[in-house]
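>>> Fold the stuff below for me.
(2 chains)
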Amino acid sequence: ILNVEQSPQSLHVQEGDSTNFTCSFPSSNFYALHWYRWETAKSPEALFVMTLNGDEKKKGRISATLNTKEGYSYLYIKGSQPEDSATYLCASRIRIYNQGGKLIFGQGTELSVKP
Amino acid sequence: KAGVTQTPRYLIKTRGQQVTLSCSPISGHRSVSWYQQTPGQGLQFLFEYFSETQRNKGNFPGRFSGRQFSNSRSEMNVSTLELGDSALYLCASSLSPASETQYFGPGTRLLVL
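This is a model prediction of the structure:
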């Protein structure tokens, strides 16, 4: 069974706090690591796709790192704002033979930012 | 560019019935994936289609099936509905099945009574 684990399950922070989440994934047959933001009543929105060990991606106040050898990725939010409140999902795409593989999602980290 | 659209948005069915859900990908996207989201289970992969061929399938019973048409639109069918099939069904499209970003639709919320 290939599991993607995210921690913490939920997080409550004050506006202005910086925060980070962890995503653990199987390092064997790794193909790509995806991060999504899912706001209530909306569709999941893609944040990053990372493929190479040591990859770092940044989008505004949000950044992510990837370690494929040990099977983890961190998502950082600097200076959290109330509009950052959402569930953050990571998903690992595993390689299946010569195909692109399938996405396995973690349970998500629910972030709540209070003004 | 129009986003991924899914129809219907909401559906109520009874046990034993069947249901067909539709997904229209972003123009030019040829890969469509389907996911089921239930409370406590997270997003579970159902299947992925590319160029009218099913490339990958998740661990779901044979009651769940799908297909993709030549215009890349995809349908998902669930036969002999069970109460546990009540869920949000999301589809996502991408240019190809590789490491491309997937763009999600708004989902179809299915309630089985």
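
>>> how near is residue B:32 to residue A:12?
36 Å (Cβ to Cβ, to the nearest Å). For the C-beta atoms, the positions are set from N, CA and C on the backbone; glycine is no exception.

>>> Which one's more surrounded, these two?
The neighbour comparison of residue B:32 against residue A:12 (other Cβ atoms under 10 Å in any protein chain shown) goes to residue B:32, with 29 against 12.

>>> So what sits opposite that one in the bridge?
Beta bridges link residue B:32 to residue B:49, residue B:93 when assigned by DSSP bridges.

>>> likewise residue A:34?
residue A:49, residue A:91.

>>> show me the contacts for it.
Residues in contact with residue A:34 (Cβ atoms under 8 Å, 6 or more residues apart in numbering or on different chains) are A:46, A:48, A:49, A:50, A:90, A:91, A:92, A:93, A:103, B:101, B:102.

>>> Write the PyMOL selection for whichever of these are buried.
Buried residues among these (16 or more other Cβ atoms under 10 Å in any protein chain shown), as a PyMOL selection:
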select buried, (chain A and resi 46+48+49+50+90+91+92+93+103) or (chain B and resi 102)
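
>>> Go through the contacts of residue A:34 and name the one nearest residue B:16.
Ranked by distance to residue B:16 (Cβ to Cβ), the contacts of residue A:34 are led by residue A:103 at 31.2 Å.

>>> hey, what's the closest one bridged with?
Following DSSP bridges, residue A:103 is listed with bridge partners residue A:93.

>>> how near is it to residue B:94?
The value you get for residue A:103 to residue B:94, if Cβ to Cβ is used, is 10 Å.

>>> ok, now residue A:8?
Separation of residue A:8 from residue B:94 (Cβ to Cβ): 29 Å.

>>> Could you do residue B:101 as well?
According to Cβ to Cβ, residue B:101 and residue B:94 sit 6 Å apart.

>>> Now for residue 9, how many residues are close by?
Using chain A here. 11.

>>> Actually, chain B is the one I wanted.
Residue B:9 has 11 neighbours, counted by other Cβ under 10 Å.

>>> How about the contacts made by it?
For residue B:9, the contacting residues are B:106, B:107, B:108, B:109, by Cβ under 8 Å, 6+ apart.

>>> Am I right that residue B:84 falls within a strand?
No. Counting by DSSP: H, G, I helix; E, B strand; the rest coil, residue B:84 is not part of a strand but helix.

>>> how many other residues sit next to it?
Using other Cβ under 10 Å, residue B:84 is surrounded by 8 other residues.

>>> again with residue B:78
Other residues lying near residue B:78 total 25 when counted by other Cβ under 10 Å.
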